[in-house]
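Colleague: predicted model, plus sequence, below.
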Amino acid sequence: MTSVLAPPPQGSGLKPVPGVPGIPYIGSTLAVMRDPIGMARKRYDEYGPVAWGWLLGQRTVTVQGPEAAQVVLVNRDKAFANGPAWSYFIGPFFKRGIMLLDFEEHLHHRRIMQEAFTRPRLQAYMDAMAPGIVKGVESWEPGEGFKVYDHIKQLTLDLAVDVFMGVELDDAERARVNGAFIDAVRAGTAYVRFPVPGLRWHRGLQARKVLEEFFYRHLPAKRRDGGVLREGTTPHAPRGASGGSDLFAALCQAETDDGERFTDEDVVNHMIFALMAAHDTTTITLTTMAYYLAKYPEWQERLREESLDLGRAQPGYDDLDHFTGIDMVMKESLRMLPPVPALPRKVVKDTSILGFHVPAGSTVVVPMLSNHHMAEWWTDPDAFDPGRFSAERREDKVHKYAWSPFGGGAHKCIGMHFAGMQVKTILHQVLQRYRWSVPARYEWPLDTTSLPSPKDGLPVRLNRLEQS
């Protein structure tokens, strides 16, 4: 039975948000996790672009389409807060990461963090990654049943540790850190949201302790490398001081023009969040690209020719624009399966979305996954078609928020250029060495209960190319 979220103020001219709440607390949670795109289409057909229901224990307003996404993500009247919304899901595990801060505090932290993502820094990260990418990709063993997701995840974690941390870890320590990140991410969508031993929420809390210990243990050396032993105990190093080309050192050194720096606690919080974001989202993007390139070998061959045409085994930063085919496939893969499939916000004051009254205290979700599959905005939206991002077509230009896997507004992903650089450099090395395929009728089984990933690890037949 249809019900409204809340009656709009008299005389406002606003409409109430319609929806079917279903069972309190549970609502449509299970159905949405099983079939997020199908459920979104059903909701859109029945109620239009703004509707509500119970989702993961909250009264949730889902807004569909780029016009509604723009209202929420641009957030002109500052009615939508990131921190309280994301904190409900991942706050205990990734507390005070850049995505969990809001308004002036967020801008303050972002200004400092931006110093770690300048062009010179990105070039340094790319140079630092190069040997690890070659070593990691070269170590792959061709054959049947090569699990792409598992190997890419290990590679991106190794790169994140090497390039972001700038420390060497043994296999046991890498496995411990990787396991902690997996447990922390998966805890965000736990049904039981209190620490019952053995369940997701409890494992996430334990994982946070592991990660904090790990980063605090390495932080004093990074402060010394950057010329600062402890916050407030020695003079700050000048901007640009040599302290390593890794992100950890960059965050220890970063400062605004007026000398603002991060505290130790800030650095640890941002490192835990950044390391998760860097290796998890890139893993999903590269795995999605590998899946579609296996199913559409003509695109795989096109990208391989593009890589070989570069004429250099190792590209430089200025060569990234050469990879136009990889860029189109990357964008189409991000459209088909954005690594972060939905963006939640908490409504901090009464507001409106497309003429609907949304009261303070509501949770609003922008479903990027289903927005990227709307027939009103995309030609044949369920088809893999990288050409839609070609210079001639540019379907993403139909609306500024039609394609927005990196979010938008003040919270647009600060690491999006790093992610694109990493995806292109890794795939370039893979294309030069291997050809991969899946059986003709294979369809990957996606786990959408957390960040999306293939339940089977995406097994492919991996063949090494003959070197000419």
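Modeller: Thanks, I have it. Residues are numbered from 1 along each chain as shown.

Colleague: centroid residue for the chain?
Modeller: With distances taken as Cα atoms, centre = their mean, Thr281 lies nearest the centre of the chain, 4.1 Å away.

Colleague: remind me which residues of the stretch 201-350 of the chain are low pLDDT?
Modeller: Low-confidence regions of the stretch 201-350 of the chain, defined here as pLDDT under 70, cover residues 225-244.

Colleague: and the strands in it?
Modeller: Secondary structure of the stretch 201-350 of the chain (DSSP state E, counting those that start in this stretch): strands located at 343-347.

Colleague: and the longest helix seen in the chain, what's buried?
Modeller: The longest helix of the chain (DSSP state H) is helix 264-295. Of the residues in helix 264-295, those buried under the neighbour-count criterion (16 or more other Cβ atoms under 10 Å) are 264, 266-295. Every C-beta, even on glycine, is put in place using the N, C-alpha and C of the backbone.

Colleague: wait, what's in contact with the closest residue to Ala190 other than its chain neighbours?
Modeller: Closest residue in space to Ala190, ignoring its immediate chain neighbours: Arg200 at 3.8 Å, by Cβ to Cβ, 6 or more residues apart in numbering. Going by Cβ atoms under 8 Å, 6 or more residues apart in numbering, Arg200 touches Asp183, Arg186, Ala187, Thr189, Ala190, Tyr191, Val192.

Colleague: and of the residues you listed, the nearest to Asp257?
Modeller: Ala187 (38.3 Å; Cβ to Cβ).

Colleague: what's the burial count for the closest one?
Modeller: 26 (other Cβ atoms under 10 Å).

Colleague: quick one, what contacts it?
Modeller: The neighbourhood of Ala187, defined by Cβ under 8 Å, 6+ apart, consists of Ile90, Pro92, Phe93, Arg200, Trp201, Arg203, Gly204, Leu205, Ala207.

Colleague: and these, which is closest to Gln123?
Modeller: Once Cβ to Cβ is applied, the member of the contacts of Ala187 that ends up nearest Gln123 is Ile90, at 31.0 Å.

Colleague: what's near enough to touch that closest one?
Modeller: When contacts are counted by Cβ under 8 Å, 6+ apart, Ile90 is found next to Leu100, Ala184, Val185, Ala187, Gly188.

Colleague: secondary structure element for Gly407?
Modeller: Gly407 belongs to no helix or strand when assigned by DSSP states H and E.

Colleague: tabulate the contacts of Ile90 (a markdown table), appending pLDDT, secondary structure and distance to Val148.
Modeller: Compiled in a markdown table, the contacts of Ile90 are given as follows (pLDDT from 0 to 100; DSSP: H, G, I helix; E, B strand; the rest coil; distance: Cβ to Cβ, whole Å):
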| residue | pLDDT | secondary structure | distance to Val148 |
| --- | --- | --- | --- |
| Leu100 | 87 | helix | 31 |
| Ala184 | 83 | helix | 23 |
| Val185 | 75 | helix | 19 |
| Ala187 | 82 | helix | 25 |
| Gly188 | 74 | coil | 24 |
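
Colleague: tell me who's in contact with Val134.
Modeller: With contacts defined as Cβ under 8 Å, 6+ apart, the neighbours of Val134 are Gln314, Gln429.

Colleague: ugh, wrong one, I meant Gly145
Modeller: By Cβ under 8 Å, 6+ apart, Gly145 lies in contact with Pro459, Arg461.

Colleague: only alpha carbons, please: show the helix or strand hosting it as CSV.
Modeller: Using DSSP H and E, the secondary-structure element containing Gly145 is strand 143-147. Written as CSV, here are the backbone C-alpha positions of strand 143-147 (Å, rounded to 0.1, in the frame of the first residue of the first chain):
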residue,chain,number,x,y,z
GLY,A,143,46.1,-21.2,-17.8
GLU,A,144,42.4,-22.1,-17.1
GLY,A,145,40.6,-20.7,-14.1
PHE,A,146,42.9,-17.7,-13.6
LYS,A,147,40.8,-15.5,-11.2
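
Colleague: ok and it relative to helix 264-295, angle-wise?
Modeller: Angular relation of strand 143-147 and helix 264-295 on a 0 to 180 degree scale: 150 degrees, by axes from the mean of the first three to the mean of the last three Cα atoms, to 10 degrees.

Colleague: direction included, what does strand 143-147 pair against?
Modeller: Its sheet considered, strand 143-147 pairs with strand 459-464 (antiparallel) by DSSP bridges.

Colleague: what are the buried residues along the partner strand?
Modeller: Within strand 459-464, the residues that qualify as buried by neighbour count (16+ other Cβ under 10 Å) are Pro459, Val460, Leu462.

Colleague: roughly how far apart are the closest residue to Ala277 other than its chain neighbours and Ala249?
Modeller: If you skip the residues right next to it in sequence, Ala277 has Gly415 as its closest partner in space, 6.4 Å away by Cβ to Cβ, 6+ apart. Relative to Ala249, Gly415 is positioned 16 Å away (criterion: Cβ to Cβ, to the nearest Å).

Colleague: what sits against Phe181?
Modeller: For Phe181, the set of contacting residues under the criterion of Cβ under 8 Å, 6+ apart consists of Leu157, Ala207, Leu211, Leu275, Met276, His279, Asp280.

Colleague: Tyr47: which of those is nearest?
Modeller: Distances from Tyr47 to those, taken as Cβ to Cβ, are shortest for Asp280 (32.3 Å).

Colleague: my read is that the closest one contacts Thr287, right?
Modeller: No. Here Asp280 lies out of contact with Thr287, judged by Cβ atoms under 8 Å, at a distance of 10.8 Å.

Colleague: what about Asp327, distance to Cys413?
Modeller: With distances taken as Cβ to Cβ, Asp327 is found 17 Å from Cys413.

Colleague: run through the helices of the stretch 251-400 of the chain in chain order.
Modeller: Under the criterion DSSP state H, counting those that start in this stretch, the stretch 251-400 of the chain carries helices at the ranges 264-295, 297-310, 324-336, 368-371.

Colleague: among these, which is nearest Pro454?
Modeller: Ranking the helices of the stretch 251-400 of the chain by distance to Pro454, with Cβ to Cβ as the measure, places helix 264-295 first at 6.7 Å.

Colleague: follow-up on the earlier one: how many neighbours does the residue nearest to Ala277 have?
Modeller: Burial of Gly415, expressed as a neighbour count using other Cβ under 10 Å, amounts to 21.

Colleague: ok, now Lys455?
Modeller: Counted with other Cβ under 10 Å, the neighbours of Lys455 add up to 11.

Colleague: surely it and Glu443 touch.
Modeller: No. In this structure, Lys455 sits apart from Glu443 without contact. The criterion is Cβ under 8 Å, and the distance is 11.6 Å.

Colleague: just to revisit the earlier point, of all the contacts of Phe181, which comes closest to Val167?
Modeller: Of all those, the one with the least separation from Val167 (Cβ to Cβ) is Leu275, at 11.9 Å.

Colleague: so who does that closest one touch?
Modeller: Ala160, Val161, Phe164, Met165, Phe181.
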